[in-house]
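Participant: I'll drop the sequence and a predicted model, then ask my questions.
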Amino acid sequence: MSKLLPYETIFKAHEGDPDAIDTVLSHYAGYIRYFSKYTGRSMPRLRNM
């Protein structure tokens with residue numbers, strides 16, 4: 001099983017297809033959760049806002 005999303009799914013998500021967007025978000029949910037909790041030097045300017 002490939003860990004990559006099919007090109008057609010990504011293209012449809014870019015076009016605004018709700019099912020494709022849901023598929024992309026579900027596929028990358030772990031990355032989104034991890035990096036949303038990540039604090040560090042990646043965005044230091046946001047700490048001053």
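Facilitator: It's in.

Participant: Report the helix or strand with the lowest average pLDDT across the protein.
Facilitator: Least confident helix or strand of the chain, by mean pLDDT, DSSP states H and E, is helix 29-37 with a mean of 83.

Participant: chain center to that one, what's the gap?
Facilitator: Remark: helix 29-37 is offset 8 Å from the chain centroid, using Cα atoms, centre = their mean, to the nearest Å.

Participant: So, low pLDDT: which residues of the protein?
Facilitator: Low-confidence segments of the chain (pLDDT under 70): 1-2, 38-49.

Participant: what do you get if the cut-off is 80, keeping everything else the same?
Facilitator: Applying pLDDT under 80 to the chain flags residues 1-2, 36-49.

Participant: hey, where'd the helices end up in it?
Facilitator: 7-15, 18-27, 29-37 (DSSP state H).

Participant: what angle do the least confident helix or strand of the chain and helix 18-27 make?
Facilitator: Per axes from the mean of the first three to the mean of the last three Cα atoms, to 10 degrees, the angle that helix 29-37 makes with helix 18-27 is 70 degrees.

Participant: on that earlier part again, want to throw the helices of the chain into CSV with mean neighbour count?
Facilitator: C-beta: built from backbone N, CA, C; applies to glycine. What follows is these, written out as CSV (neighbours: other Cβ atoms under 10 Å):
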stretch, mean neighbour count
helix 7-15, 13
helix 18-27, 14
helix 29-37, 9
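
Participant: residues making contact with the least confident helix or strand of the chain?
Facilitator: L25 (Cβ atoms under 8 Å, 6 or more residues apart in numbering).

Participant: mind exporting it as PDB, just the C-alpha atoms?
Facilitator: Only the C-alpha atoms of helix 29-37 are listed here, as PDB (Å, rounded to 0.1, in the frame of the first residue of the first chain):
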ATOM      1  CA  ALA A  29      -4.200  14.500  10.400                       C
ATOM      2  CA  GLY A  30      -1.200  13.100  12.400                       C
ATOM      3  CA  TYR A  31       1.200  15.700  10.900                       C
ATOM      4  CA  ILE A  32      -1.300  18.500  11.500                       C
ATOM      5  CA  ARG A  33      -1.800  17.400  15.200                       C
ATOM      6  CA  TYR A  34       2.000  17.100  15.800                       C
ATOM      7  CA  PHE A  35       2.900  20.400  14.200                       C
ATOM      8  CA  SER A  36       0.000  22.300  15.700                       C
ATOM      9  CA  LYS A  37       1.400  21.500  19.200                       C
END
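
Participant: That concludes my questions; thank you for your assistance.
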